[in-house]
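Asker: Task: produce atomic coordinates for the following.
(2 chains)
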There are 2 protein chains.
Amino acid sequence: MNDDTYISLAHGNGGRFMRELIESVFQRHLGNPALDVQADAVRLQLGDAHCLFTTDGFTVQPLEFPGGDIGSLAVHGTTNDLAVAGAEPKYLSLNAFIEEGLELALLDRLIASLAAAARDIGVQVVAGDTKVLRRGEGGGLYLATTGIGLALPGPVLGLDRIRPGDAVLVSGPVGDHGIAVMLAREQFGLRGDLRSDAASVLPLTRAARDLDGLRFMRDPTRGGLASVCHEISRATGLGVRLREAALPVRDPVRSVCEMLGYDPLYLACEGRVVAVVAPAQAEALLARWQALPEGSEACLIGTLEAGADRVLLETGIGGERLLEELEDDPLPRIC
Amino acid sequence: MNDDTYISLAHGNGGRFMRELIESVFQRHLGNPALDVQADAVRLQLGDAHCLFTTDGFTVQPLEFPGGDIGSLAVHGTTNDLAVAGAEPKYLSLNAFIEEGLELALLDRLIASLAAAARDIGVQVVAGDTKVLRRGEGGGLYLATTGIGLALPGPVLGLDRIRPGDAVLVSGPVGDHGIAVMLAREQFGLRGDLRSDAASVLPLTRAARDLDGLRFMRDPTRGGLASVCHEISRATGLGVRLREAALPVRDPVRSVCEMLGYDPLYLACEGRVVAVVAPAQAEALLARWQALPEGSEACLIGTLEAGADRVLLETGIGGERLLEELEDDPLPRIC
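Answerer: Modelled structure (predicted):
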């Protein structure tokens, strides 16, 4: 139902329809010099403090899945956006939309998990609000978190810093979150012991922050690695060339994708970082990441090239495949 | 179903069940020195800037009602929390949870209204996120806004500043929002031309801010004026004595309440301020408010008294009625 009259699930998938909805409705009405719908977090000057500010909503289903739950995800999702923008997260606000009939013991577990995730990375939840939705008007629990961070010293990061020849790295295997959550739904009769990669990326971004050749970081969530590459390509006018053989994808993710016809490059991660870095420092960043438990499987996966703004995959057999912008939503309520 | 096992609508009404849920789940797990679940907004020191930070969720049904809509409400609700905390709102973030099937033209209207409300009071929406909910897992549209403001010069405000003998003022008639939204639902076969009071309270809070006898301000939303008085009483250990004859309630609100058995003192407002002020400055604040279009119907409604922590209503015929803490939810999805 993408007929421009009604909202469809594809308007929420991180791909083209979502981008067009944000541009045609939200950006058009709300546009102001500080609002950058392409940025993970916005820079705000408050007194003499260089702050970063970001917000994220969470609707993942089921509410608990192997490797995480909506509570820890609501902390990691928003603080990761601050981290990849080059900030140290400090404060969070929390909105809870709770459906009538939700078990209180489950709510308690989810908020305990949220609190533990916040404690682990040293952020404080300092403001909150709860609303209760009538039975049948919610999906158990939706959360929204808004974060404030302080900018760390280091080079200014941004899509506009990217140059032809720059290297693209990813901090670990892609698609684990998407497939782990999908398996937890048990809707295709599939099971597995894959765990979500949902986690804080702060160790990774801290390790990268003082490299003066660091251009840009983003955590590939909805729409996956391919959608991050499309954002880079669209914003810079450059091509992103990825090497299929270099892309880290776990076997169970690959198997499920083959069975169901998904492409792991479009699946959500919740604890990975994509970084663009000057070619001379690519190996240095790779070594720093691989020295961390969070980045032990980091890979150098591609390069930026002048010419057309497209995302190309060099396949194993020497061919090339154009990666299109995501259209349909393979997995709604994945984050 | 208030059996402590499942979430019920009463957990969202601004009364006792909501307070207990927040204390027993959210405050228990998230508690930290900066989190004050009784405050409208939290004070954060960012560099040399004294900031205030607050968040609010919006689920009002219908999405458009006489005098406002969920878009403008999402701006006024959050900026009003900053305003009563003594701040000038500067920045907002916006989360939209959109149900599959929502008409795009309606979404466009609501976001245009949100943008206009933000422009009118000089705040910028600088960060946002959208999620799409499957048909049947949402109520059309839920919004959450988080606000950052800068503290204005003036006395520190807080429940702990309140003293016996202080005066209680309200800036205008109570219950208009609750009844206007209820009438817009047409569920009781009632109609009327009452408009919601939903609006920015900034003109009112700015006018009060430099009175050195100003102790505390709050906007009475869910749970209404009576619930604000209960919060004051519980936090201070003092009694709040209200004079029924002085309470501003519009005739249509009174009529609907009499028909349906509601008490206007427990109905939501979205553009009123309750202020507690030293007795010597009560008339001054009243005069300042009455000089504004937003406060032309302001009234001096009561006083704080030592003794029991209770909320008493002096009735017209010289009697007294104890106002209990709100238990059941008269009107879910009112804000």
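Asker: if I look at residue A:149, how far off is chain B?
Answerer: Between residue A:149 and chain B the distance, using C-beta to the nearest C-beta, to the nearest Å, works out to 10 Å. Heads up, the C-betas are built off the backbone N, CA and C, glycines and all.
Asker: So is the helix ranked longest in chain A next to chain B?
Answerer: Under DSSP state H, the helix in chain A containing the largest number of residues is helix A:104-121. Yes. Residues of helix A:104-121 are located near chain B by C-beta under 8 Å from any C-beta of the partner chain, namely A:104-105, A:107-108, A:111-112, A:114-115, A:118.
Asker: who wins for neighbours among those?
Answerer: Within the residues of helix A:104-121 next to chain B, most neighbours by other C-beta atoms under 10 Å in any protein chain shown means residue A:114, with 28 neighbours.
Asker: helix or strand right after the helix or strand of chain A with the lowest mean pLDDT?
Answerer: Within chain A, judged by mean pLDDT, DSSP states H and E, the helix or strand with the poorest mean is helix A:16-21; its value is a mean of 90. Counting by DSSP states H and E, the element after helix A:16-21 in chain order, helix or strand, is helix A:28-30.
Asker: quick one: the nearest residue to residue A:235 once chain neighbours are set aside from residue B:332, how far?
Answerer: Nearest residue to residue A:235 in three dimensions, chain neighbours excluded: residue A:159, at 3.9 Å (C-beta to C-beta, 6 or more residues apart in numbering or on different chains). When C-beta to C-beta, to the nearest Å is applied, the distance between residue A:159 and residue B:332 equals 44 Å.
Asker: can you check residue A:317 too?
Answerer: Remark: distance between residue A:317 and residue B:332 (C-beta to C-beta) = 60 Å.
Asker: More neighbours: these two, which one.
Answerer: When neighbours are counted by other C-beta under 10 Å, residue A:317 and residue B:332 differ, and residue B:332 comes out ahead with 18 against 7.
Asker: and the residue in the stretch 51-200 of chain A that chain B sits nearest to, which of the three is it?
Answerer: When scored by C-beta to the nearest C-beta, the stretch 51-200 of chain A has residue A:132 as its residue closest to chain B, at 2.8 Å. Reducing the assignment at residue A:132 to three states with DSSP: H, G, I helix; E, B strand; the rest coil gives strand.
Asker: if we look at the longest helix of chain A, which residues are touching it?
Answerer: Helix A:104-121 has contacts (C-beta atoms under 8 Å, 6 or more residues apart in numbering or on different chains) with A:63-64, A:68-72, A:74-76, A:79, A:89, A:92, A:94, A:96, A:98, A:124-125, A:141, A:143, A:200, A:202, B:4-7, B:25-26, B:29-30.
Asker: got the contact list for the closest residue to chain B within the stretch 151-300 of chain A?
Answerer: Closest residue of the stretch 151-300 of chain A to chain B, C-beta to the nearest C-beta: residue A:222 (9.0 Å). Applying C-beta under 8 Å, 6+ apart, one finds that residue A:222 lies in contact with A:12-14, A:18, A:268, A:334-335.
Asker: rerun that using 10 Å as the cut-off
Answerer: Under the criterion of C-beta atoms under 10 Å, 6 or more residues apart in numbering or on different chains, the neighbours of residue A:222 are A:12-15, A:18, A:178, A:266-270, A:326, A:329, A:331-332, A:334-335, B:131.
Asker: Among the residues you listed, which ones are in strands?
Answerer: With DSSP state E as the criterion, strands contain residue B:131 from among these.
Asker: Much appreciated, bye for now.
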